[in-house]
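Participant: Here you go, sequence then predicted model.
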Amino acid sequence: MNRFLWPLVGFIALVSFLAVGLTLRPSEVPSPLIDKPAPNFTLPQLASPEQTFSPEGMKGKVWLLNVWASWCYACLEEHPVIMDLAKTHAVPIVGLNYKDVRSEALAWLERHGDAYTLSVSDTQGRVGIDFGVYGVPETFVIDKAGVIRYKHIGAVTPSAVRDTLLPLIRELQQ
Amino acid sequence: MIPEIGHFSLILTLFVALAQGGFALAGAANGNARWIAFARPAARVQFLLIIISFASLAWAFVAKDFSVAYVAQNSHSQLPLFYRIAAVWGGHEGSLLLWMLMQTGWAYAVSVFSRQLPDAMVARVLGVLGLVAAGFLLFVLLTSNPFERLVPPPMEGLDLNPLLQDVGLIFHPPLLYMGYVGFSVVFAFAIAALLAGQLDATWARWSRPWGTAAWLFLTLGIALGSWWAYYELGWGGWWFWDPVENSSFIPWLVGTALIHSLAVTEKRGSFKSWTVLLAISTFSLSLLGAFLVRSGVLTSVHAFATDPRRGVFILLLFTVVVGSSLFLYALRAPKVGLGGRFDLVSRESLLLVNNVLMAVAAGSIILGTLYPLFIDALGLGKLSVGPPYFNAVFVPLMVPALLLMALGPIANWKSAKVGAMLKRLYVPAAVALGVGIATPIALGRWSPMVALGIALATWIATAVVIGIIERMRATRSGLLAQPRSWLGMHVAHLGIAVFVAGVALVMGYETEQDIRMAPGDTVTAGGYDLKFLGVRKTPGPNYVADMGDIEMSRDGKILRLLHPEKRTYTSSAMPMTEVAIDANGLRHVYVALGEPLADGAWSIRVYYKPFVDWIWGGCILMALGGLLAISDRRYRLKKRERRASSKLAEATS
């Protein structure tokens, strides 16, 4: 074979990898926590820090844990979708206010609306570490037994709600 | 109305580019002089049309026309005019329009500065450039139209990403794209030469200034990007081996190999098929970079908002451009003869080693950058490759390259005498050893890496200075009377020495402190005392800032106040760090505000960065060397003089 063909052969191999790469979603790292019990924690509530919240209290309900922060731009983008999910579809959503300043977080909710069942303050991000959060926003679907069934990375879009989250939630509620 | 003019003008450009590609290439193939003559005016018209298009988009930004979707996404009514203009290329669509402005601008330059070239050759070059431009125009028009309207128009824009609201942004992409796109000219020359079957020294001589010009822009673009990341991200690092940084660095490495290889092909007629392959590769890797950044196949801090259609289209474009070029290469390269023979010890051999080292370095960075993708595509899991890999492969490859840099310029073409070369290297070797050992001792802490880095930098710098002095003596003329391309080479090599010295000293002696400071607290960095006075609120045009007051003093003498800021942009509520830097050319004292803590205290990052300016200073020197090289008078010879000199050369040989 003509040795001058080798660059072309190498290039074809590279392009095939790139083509496969296009079909992949590099930011979606599979969570090892799927189908494992949600890590337990006790954190002060954002609105009233003297009260605490722990996932134990949600046993028997299908609920979402939505990681958000006032400094997070994508959270603002998904906020209307989260509000709609909580209000129209009556899904209980607990906000994990991640590495945020309390006053700014409260002001953010004031400005953009608050449909969370409640939010808890994870100022140091310790609970975030337990949940394997590496970017905000992330949303976990937790079933009646307290097991994590699904993790959505990035802003929740209306199509993700329609095609994935709602069908899953309805199925788990059965 | 004006955005529609811009859109229409973009569509017209596509047809001109297609016609230029078709007529010019067909004309050159059949020897049809009228078709050949179409190439130059067509290239100029394209540039004019893109200017109209670009100006229309700029107008939409200046006039705050939020009915244009792209303007609404990247601007805001309170955004200062300066940034509204820079925002034209702040997002994906507009940056592609900037890319097109550069692409057609380079083709325009070829049409102007190519009078001494045969018309058929120019037609081929412009024809190839026209086809490349057409590919990109299709991409813009079909997937990334910056002129799309929003109905109903929003009242307010989403604002330019605060990270990009900075002078660094204004110049970084244009310089980088000038480099990327500039390599398309060398690429077009290579394809034209392959098509014509004239792969000779003349072709290399024509390509060289274009390659050097593209290379110097790319050098500046990368340096500016690094400087921007250094002060805008507030992490104090100047290079992160991020996939997007890598995708600009890979073409730089291959481009560096290319400008050296072109020198051999021009002077000695050797390495022809290798040089052609490098010319194709450099532009292909620029395209690969564009694909990686814009398709979202890799995760990066720089990535553009991604759309799967764009990824597919740009991959197709990449496949067609590179695949057809490599196919043409496989067909034509076997007929290219070998050039002049050379001995094992000769300038050719040394430049070949340079080429191999650069190509291997580029290859290993490609591997590291794409490895996560390969592993993911093979279903073997997800991982990321970070600085440990890149430093481990890159540094050992660069050490021999730097060692050989002192040898190359003094070696003779064809065959060099080892003894004579060694004799000229005693002084640089002795100076390098002395300075390399003395520097870390003088700075108070021994470090083998600093000693190695400084020794290499001194080795190169001394060799450069001696080389210049010897030549001035031999020719009995002053520094400025020397050929500019020769001077340019030395200045660029000196730039490398300055760069290496900067890197070695920063890595060896930087200090980093991340501390809690209450008003009145003092911290010491590099012999300077920094006293935290407090933080106050200050309004900006489209943000509110917490501005820190930090008093910098040395031995009790107050030097200045530093004002690091933490800005919150009103439109996005995104906090941004603005660092404060005190620089004097020899060191930076770098202060960044972290988070507010209780009782008026803040977490504050303080860095001491010795010689960090030398990193970018070295890059500027490299680019200056490139500028000197392309201003060489042999590129400015008039047609007649050129003919006369070539006749003279024939007569004497």
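Facilitator: Cool, got the structure. Numbers count the residues shown, from 1 in each chain, chains lettered A, B, ... in the order given.
Participant: what's the helix or strand for residue A:82?
Facilitator: helix A:73-87 (DSSP states H and E).
Participant: next one: residue B:26
Facilitator: Using DSSP H and E, residue B:26 falls in helix B:2-30.
Participant: in its sheet, what does the following helix or strand past the helix holding residue A:82 sit against?
Facilitator: Remark: after helix A:73-87, the chain's next helix or strand is strand A:93-98, criterion DSSP H and E. The strands that strand A:93-98 pairs with in its sheet are strand A:63-68 (parallel), strand A:118-122 (parallel) (by DSSP bridges).
Participant: Alpha carbons of strand A:93-98, in PDB - could you do that?
Facilitator: Extracted C-alpha coordinates of strand A:93-98, given in PDB (Å, rounded to 0.1, in the frame of the first residue of the first chain):
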ATOM      1  CA  ILE A  93     -39.500  19.600  45.700                       C
ATOM      2  CA  VAL A  94     -36.900  20.200  48.400                       C
ATOM      3  CA  GLY A  95     -34.300  22.700  47.400                       C
ATOM      4  CA  LEU A  96     -30.700  22.100  48.500                       C
ATOM      5  CA  ASN A  97     -29.300  25.700  48.600                       C
ATOM      6  CA  TYR A  98     -25.700  24.900  47.700                       C
END
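Participant: so how far is that strand off the chain centroid?
Facilitator: When C-alpha coordinates are averaged (Cα atoms, centre = their mean, to the nearest Å), strand A:93-98 and its chain have centres 10 Å apart.
Participant: which other residues reach it?
Facilitator: A:43, A:46, A:53, A:58, A:63-70, A:82, A:85-86, A:105, A:115-122, A:125, A:127-128, A:131, A:133, A:136 (Cβ atoms under 8 Å, 6 or more residues apart in numbering or on different chains). To be clear about C-beta, it is placed using only N, CA and C from the backbone, and glycine gets the same treatment.
Participant: Okay, strands next: where are they in the chain?
Facilitator: Going with chain A. Taking DSSP state E to define them, one finds strands in chain A at A:43-44, A:52-53, A:63-68, A:93-98, A:118-122, A:138-142, A:148-153.
Participant: I was after chain B.
Facilitator: For chain B, the strands defined by DSSP E cover B:511-517, B:522-525, B:528-539, B:543-554, B:557-562, B:565-569, B:575-578, B:580-583, B:587-596, B:602-610.
Participant: Of the ones you listed, which is nearest residue B:260?
Facilitator: strand B:602-610 (31.7 Å; Cβ to Cβ).
Participant: Is any residue of that closest one near chain A?
Facilitator: No: Strand B:602-610 is not in contact with chain A by Cβ under 8 Å from any Cβ of the partner chain; minimum separation 12.2 Å.
Participant: same question for that strand, mean pLDDT?
Facilitator: Mean pLDDT, computed over strand B:602-610, is 92.
Participant: Can you list the helices and strands that that strand packs against?
Facilitator: Counting contacts by 3 or more Cβ pairs under 8 Å, 6 or more residues apart in numbering or on different chains; DSSP states H and E, strand B:602-610 packs against helix B:484-509, strand B:511-517, strand B:522-525, strand B:528-539, strand B:543-554, strand B:587-596.
Participant: Identify each buried residue in that strand, please.
Facilitator: B:602, B:604-610 (16 or more other Cβ atoms under 10 Å in any protein chain shown).
Participant: Same check on stretch B:532-549?
Facilitator: Those would be B:532, B:535, B:540, B:542-543, B:545-549, for stretch B:532-549 by 16+ other Cβ under 10 Å.
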